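just the structure for this:
(chains A and B)
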2 protein chains.
Amino acid sequence: MNSYQKIKYYQSEKKSLLCVGLDSDVNKLPDVFERKVSSLLDFNLEIINSTLEFASSYKINFAFYEQYGSEGLDVIKKTMEYLKDKSFVIADAKRGDIGNTSNAYAKSCFDYFGADAITVAPYMGYDSVEPFLKFSDKMTFILALTSNPGSADFQRLVFDGKPLFQHVIEKSISWGTIESTGFVTGATHPEDISKIRKIIPENYLLIPGVGTQGGDVQSLMRSNGNGPSIINVSRDIIYASNGKDFGASSSVRAKYYKELFAF
Amino acid sequence: MNSYQKIKYYQSEKKSLLCVGLDSDVNKLPDVFERKVSSLLDFNLEIINSTLEFASSYKINFAFYEQYGSEGLDVIKKTMEYLKDKSFVIADAKRGDIGNTSNAYAKSCFDYFGADAITVAPYMGYDSVEPFLKFSDKMTFILALTSNPGSADFQRLVFDGKPLFQHVIEKSISWGTIESTGFVTGATHPEDISKIRKIIPENYLLIPGVGTQGGDVQSLMRSNGNGPSIINVSRDIIYASNGKDFGASSSVRAKYYKELFAF
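Residues are numbered from 1 along each chain as shown, chains lettered A, B, ... in the order given. Coordinates of the predicted model:
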């Protein structure tokens, strides 16, 4: 089963588009945990056990672990091992560099960590993205229109009547296949998602920005229609409670979002 | 001494603009080494000892180490510890994400690894770059016009009469200070470097693309003039020989480039 078939399978089995973002941070752990890096693994496993019924995928935000160096990377590795054969896993790493360097990043995420998918930055163009797409049984999500305020700085600059993010999509869809190529489009831009859907009806969209970032879900669901998508919620699920009941609380929030994203 | 003063100091003391890029790869190590991750550290230390006389900075390409997971990160950490108080160190990581995530990447590179500078991708705009610039005693090198062929895909799209890379420079120079903000501009585009120098005569440029990537040094030196710059060479120095003499050979190449970049 390649990654594309895998996400289809889990989304259909769980009847859920929800992706739980493991933006786990030592300083935000529930009070029951000691403030140390190894606690992140215990926290992740409890969140996974509590949300697995409602989530079809998990996204691991590398930054939060990298800030603790090699010890943090061990937590990524063990979390991914735990998720193997249970769910679809996205390495949210936003990598991108010249060809031989991107190739090493691709090996890191796909071979070493065993991720099913990765997020990549398109600024450096074809030869920075192609080494990821060459892992054609995996999925590569290219940043198009991100959820943050700074997305307006460059992604919306208009060239030949089209914003940069549209150029990125139109140019890069030819670099891989529908199965290997997805795009990151923030839930905070529902109107643009309608337009993007007309260009790429079949490619997967990875949609962050719901929850703490404030993306409106009803507008999002309307504008995305039936297009294949993975909708991510991080903080609003994993930090649903600061107490002993954090697992149960994350489960309630995951169920809530699963139903909100019902398809 | 902040990072800006530090690079000025080492460049003046060594009379050299050369940065040695430690793109160290287990499969490319000289034959004297066992093909294992821990050999990377021995290799790096020998390369550093052999080139320190001629180089004012070192650039660590994170991808090459990340492909070996936590063991690779330990090599980065130990290499940076060895370089502390000996040279200026750039974390070549090309990071960039939404604010709270970029903040974690900044902590990783500056606090955990102790780098003096980092490379970041501008695609996500202000709030993805600002968390790095907030470490105002460090230096943040924003990708402008990269050395690879794919730089033509998006960086040269023209909006309002100016290419995207110029918009990136003109917009982001106001985000930090001259001391905290640098730009990555590939040696493969000497004509553009002349134009960039007119916009930012005082900011540091980090210039990769000399050596294996084929950037012409004389054109580069002419177009850059006396603008502050760090010129990186990676593979052509560190893999100068595959034999026991790899250290001595890297030293000869480093001396050659130092003199080529004489200022």
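
ok, the closest residue to chain B within the stretch 151-263 of chain A - contacts?
The nearest approach of the stretch 151-263 of chain A to chain B comes at A:Asp153, 3.2 Å away (C-beta to the nearest C-beta). The way it works is simple: take the backbone N, C-alpha and C, and place the C-beta from them, glycine included. Each residue near A:Asp153 by C-beta atoms under 8 Å, 6 or more residues apart in numbering or on different chains is listed here: B:122, B:125-126, B:171.

what does A:Asp127 give?
A:98-99, A:102, B:148-150.

show me how far the one helix or strand it maps to is from its chain's centre.
Per DSSP states H and E, A:Asp127 falls inside helix A:126-133. Distance of helix A:126-133 from its chain centroid, counting by C-alpha atoms, centre = their mean, to the nearest Å, is 18 Å.

same question for stretch A:122-140.
With C-alpha atoms, centre = their mean as the basis, the mean position of stretch A:122-140 lies at 16 Å from the chain mean.

average pLDDT for it?
In this model, stretch A:122-140 has a mean pLDDT of 98.

buried sites along it?
A:122-136, A:138-140 (16 or more other C-beta atoms under 10 Å in any protein chain shown).

distance between the ends of that stretch?
With C-alpha to C-alpha, to the nearest Å as the measure, stretch A:122-140 spans 11 Å from end to end.

try stretch A:146-165
Using C-alpha to C-alpha, one end of stretch A:146-165 lies 9 Å from the other.

sorry, back to before: closest to A:Ile193 out of the contacts of A:Asp153?
Lowest distance from A:Ile193 to the contacts of A:Asp153 (C-beta to C-beta) belongs to B:Gly125, with 18.6 Å.

so what does A:Thr177 have for phi and psi?
Main-chain dihedrals, A:Thr177, degrees, to the nearest 10: phi -110, psi 170.

ok, it - contacts?
A:Ser136.

swap the cut-off to 10 Å and go again
Residues near A:Thr177 by C-beta atoms under 10 Å, 6 or more residues apart in numbering or on different chains: A:4, A:133, A:136, A:203.

just give me the closest of these to chain B.
For the contacts of A:Thr177, the closest approach to chain B (C-beta to the nearest C-beta) belongs to A:Leu133, at 12.6 Å.

spatially central residue in chain A, please.
For chain A, the residue nearest the mean C-alpha position is A:Lys59 (4.7 Å; C-alpha atoms, centre = their mean).

now what about whichever strand or helix holds A:Gln218, what contacts it?
For A:Gln218, the enclosing helix or strand under DSSP H and E is helix A:217-224. The contact list for helix A:217-224 (C-beta under 10 Å, 6+ apart) reads A:17, A:185-197, A:205, A:207, A:209-211, A:216, A:229, A:231, A:233, A:257, A:260-263.

change it to 8 Å
Contacts for helix A:217-224 (C-beta under 8 Å, 6+ apart): A:187, A:190-191, A:193-194, A:197, A:205, A:207, A:210, A:231, A:260-261.

do a quick rundown of the helices in the stretch 51-200 of chain A.
A:62-66, A:69-83, A:99-106, A:126-133, A:151-154, A:164-172, A:190-199 (DSSP state H, counting those that start in this stretch).

below-threshold pLDDT in chain A: ranges please.
Along chain A, no part satisfies pLDDT under 70.

ok, 90 please
For chain A, applying pLDDT under 90 flags the ranges A:211-216, A:262-263.

can you show me the strands along chain A?
All strands of chain A, identified by DSSP state E, fall at A:18-22, A:57-61, A:88-95, A:117-120, A:139-145, A:158-159, A:162-163, A:181-185, A:205-207, A:229-233.

quick one: the residue lying farthest from the centre of chain A from B:Ser250, how far?
Relative to the C-alpha centroid of chain A, counting by C-alpha atoms, centre = their mean, A:Asp160 is the outermost residue, at 30.4 Å. Distance, A:Asp160 to B:Ser250, using C-beta to C-beta, to the nearest Å: 47 Å.

and if you look at A:Gln166?
Distance from A:Gln166 to B:Ser250, by C-beta to C-beta: 46 Å.

pick out whichever of the two has more residues nearby.
Shown here are A:Gln166 and B:Ser250; by other C-beta atoms under 10 Å in any protein chain shown, B:Ser250 has more neighbours (26 against 21).

my guess is the more buried one contacts B:Glu53, does it?
No: at 11.4 Å, B:Ser250 does not count as touching B:Glu53 under the criterion of C-beta atoms under 8 Å.

now for A:Val20: which residues touch it?
Contacts of A:Val20 (C-beta under 8 Å, 6+ apart): A:47-48, A:51, A:55, A:57-59, A:232-234, A:237-238, A:250, A:254.

again, only using 7 Å
A:47, A:51, A:55, A:58, A:233, A:237-238, A:254 (C-beta atoms under 7 Å, 6 or more residues apart in numbering or on different chains).

could you do A:Val37 as well?
Contact analysis of A:Val37 by C-beta under 7 Å, 6+ apart lists A:26, A:68, A:71-72, A:75.

now those as a markdown table including distance to chain B?
Listed next are the contacts of A:Val37 as a markdown table, based on distance: C-beta to the nearest C-beta, whole Å:
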| residue | distance to chain B |
| --- | --- |
| A:Val26 | 11 |
| A:Tyr68 | 7 |
| A:Glu71 | 7 |
| A:Gly72 | 8 |
| A:Val75 | 9 |
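
including distance to chain B, could the contacts of A:Thr177 go into JSON lines?
As requested, the contacts of A:Thr177 are exported to JSON lines (distance: C-beta to the nearest C-beta, whole Å):
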{"residue": "A:Tyr4", "distance to chain B": "24"}
{"residue": "A:Leu133", "distance to chain B": "13"}
{"residue": "A:Ser136", "distance to chain B": "19"}
{"residue": "A:Asn203", "distance to chain B": "18"}
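
pull the most distant pair out of the residues you listed.
Most distant of the contacts of A:Thr177, by C-beta to C-beta, are A:Ser136 and A:Asn203, 14.3 Å apart.

coming back round to it: filter the contacts of A:Asp153 down to the ones close to chain A.
With C-beta under 7 Å from any C-beta of the partner chain as the criterion, these include B:122, B:125-126, B:171 near chain A.

from these, pick the one nearest chain A.
Nearest to chain A out of those is B:Gly125 (C-beta to the nearest C-beta; 2.5 Å).
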